[in-house]
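S.K.: Task: produce atomic coordinates for the following.
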Amino acid sequence: MEMEIIIQTLSCSRCGHQWVPRTITRQCPRCKSFNWNMDKDYDKRKREFSTRSYDRRKRNQIKIDNLISNIIQKGGDQNGRTNQ
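M.R.: Below is the predicted model:
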């Protein structure tokens, strides 16, 4: 009687390392990535989103800084009304 043994192997999408898991795997044993089972573009998309969010926050901060400096120069309140 023949018996077929199936051994599950896991593969890291970042470094390509393949291994046989002994326990529940949370990270790649070679590159230590926690995103070993995500597609390669996941990190790229995550970085792009983070960069866009940073750019948006930076633009908003510049607008706020400009508004505050205009208010201080004109001597007005936050609605742009001057105190005369």
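S.K.: CA only for contacts and neighbour counts going forward, please
M.R.: Fine.
S.K.: Okay, strands next: where are they in this protein?
M.R.: 10-11, 18-19 (DSSP state E).
S.K.: For Gln73, find the nearest of the ones you listed.
M.R.: strand 10-11 (61.1 Å; C-alpha to C-alpha).
S.K.: what residues does the closest one touch?
M.R.: The contact list for strand 10-11, computed with C-alpha atoms under 8 Å, 6 or more residues apart in numbering, reads His17, Gln18, Trp19, Val20, Pro21, Trp36, Asn37.
S.K.: 10 Å - rerun?
M.R.: Gly16, His17, Gln18, Trp19, Val20, Pro21, Thr25, Cys28, Trp36, Asn37 (C-alpha atoms under 10 Å, 6 or more residues apart in numbering).
S.K.: Quick check: can you name the pairing partners of that strand and their directions?
M.R.: Take DSSP bridges as the rule and strand 10-11 pairs in its sheet with strand 18-19 (antiparallel).
S.K.: how far away is Gln61 from Leu67?
M.R.: Distance of Gln61 to Leu67, given as C-alpha to C-alpha, to the nearest Å: 10 Å.
S.K.: neighbour-wise, which of those two wins?
M.R.: The neighbour comparison of Gln61 against Leu67 (other C-alpha atoms under 10 Å) goes to Leu67, with 15 against 12.
S.K.: Please save the CA atoms from stretch 9-16 in PDB.
M.R.: Extracted C-alpha coordinates of stretch 9-16, given in PDB (Å, rounded to 0.1, in the frame of the first residue of the first chain):
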ATOM      1  CA  THR A   9       6.000  24.900   1.600                       C
ATOM      2  CA  LEU A  10       5.600  28.600   2.000                       C
ATOM      3  CA  SER A  11       7.200  31.200  -0.200                       C
ATOM      4  CA  CYS A  12       8.100  34.800   0.500                       C
ATOM      5  CA  SER A  13       7.000  37.200  -2.200                       C
ATOM      6  CA  ARG A  14       9.600  39.800  -1.200                       C
ATOM      7  CA  CYS A  15      12.900  37.700  -1.200                       C
ATOM      8  CA  GLY A  16      11.700  34.500  -2.800                       C
END
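S.K.: and that stretch, what's its mean pLDDT?
M.R.: On average, the pLDDT along stretch 9-16 is 88.
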